[in-house]
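Undergrad: Got a predicted model here, sequence first, then my questions.
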Amino acid sequence: MKPFILIFLSVTFTLGSLQKPMHECPEHQTITPKYPINTDAFYTFPKSAFTQFPSNSACAWLINVPCNYSVIVHLKATISDGGHVTVTQTPRLNETEKFIKDITVTRQFHPPSFDIFWYPGPTNDGNFKFSLQFQNNHEK
């Protein structure tokens, strides 16, 4: 009877330690707008306010920009020591901008895509949020 209990407890603790925390961000997420694109809407990521990101865990988003559109991006981050945010217009320009201090910035990106990379650093004190607004370049 005792060996059975020990095996049961061992399996229970092992499975419990494999579960990921609920606040963990995706390692990589691709965002592609659905047609028809609502140019009046703002799309915010992560969706919940004050999302806690685990330390030493990177998050990346690839945002696809349809032809004839551009995207206005509003980034806000509280960056702890050792953390950073990078944004890269890909693949044509491959221009990367890296932020290592707290930021509130607005940038514009063009087709075909751009990347946002968030690394909170060795603590989970940082916070990060961005919003997207697509613009039709032919409606002007």
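TA: Received, thanks.

Undergrad: For the residue nearest to residue 104 when sequence neighbours are not counted, give me its contacts.
TA: Spatial nearest neighbour of residue 104, chain neighbours left out: residue 76 (4.9 Å); criterion: CB to CB, 6 or more residues apart in numbering. C-betas here are computed from N, CA, C, even on glycine. Contact partners of residue 76, counting by CB atoms under 8 Å, 6 or more residues apart in numbering, are 103-104, 128-130.

Undergrad: in the chain, which spans are strands?
TA: Listed in chain order, the strands found in the chain under DSSP state E are 29-31, 43-45, 59-64, 69-78, 84-90, 95-99, 103-109, 113-119, 127-136.

Undergrad: quick one: buried residues of the second one?
TA: Meaning strand 43-45. residue 45 (16 or more other CB atoms under 10 Å).

Undergrad: For it, enumerate the helices and strands it packs against.
TA: Helices and strands touching strand 43-45, by 3 or more CB pairs under 8 Å, 6 or more residues apart in numbering; DSSP states H and E, are strand 127-136.

Undergrad: Name the residues that touch the strand it packs on?
TA: 31, 33, 37-39, 41-46, 50-53, 59, 61, 63, 65-66, 68-78, 85, 116, 118, 120.

Undergrad: If we go by neighbour counts, what in that strand is buried?
TA: For strand 127-136, a neighbour-count test (16+ other CB under 10 Å) marks 127-130, 132-134 as buried.

Undergrad: Kindly reformat the residues you listed as a markdown table containing pLDDT.
TA: A markdown table is the format used below for these (pLDDT from 0 to 100):
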| residue | pLDDT |
| --- | --- |
| 127 | 85 |
| 128 | 87 |
| 129 | 90 |
| 130 | 93 |
| 132 | 96 |
| 133 | 97 |
| 134 | 97 |
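
Undergrad: Which single one of the residues you listed is nearest to residue 97?
TA: Checking these against residue 97 with CB to CB, the nearest one is residue 130 at 13.2 Å.

Undergrad: how about the closest residue in space to that closest one that isn't next to it in sequence, what does it touch?
TA: Spatially, and ignoring its direct neighbours in sequence, residue 130 is nearest to residue 75 (4.8 Å; CB to CB, 6+ apart). Residues near residue 75 by CB under 8 Å, 6+ apart: 85, 87, 99, 103-107, 116, 128-130.
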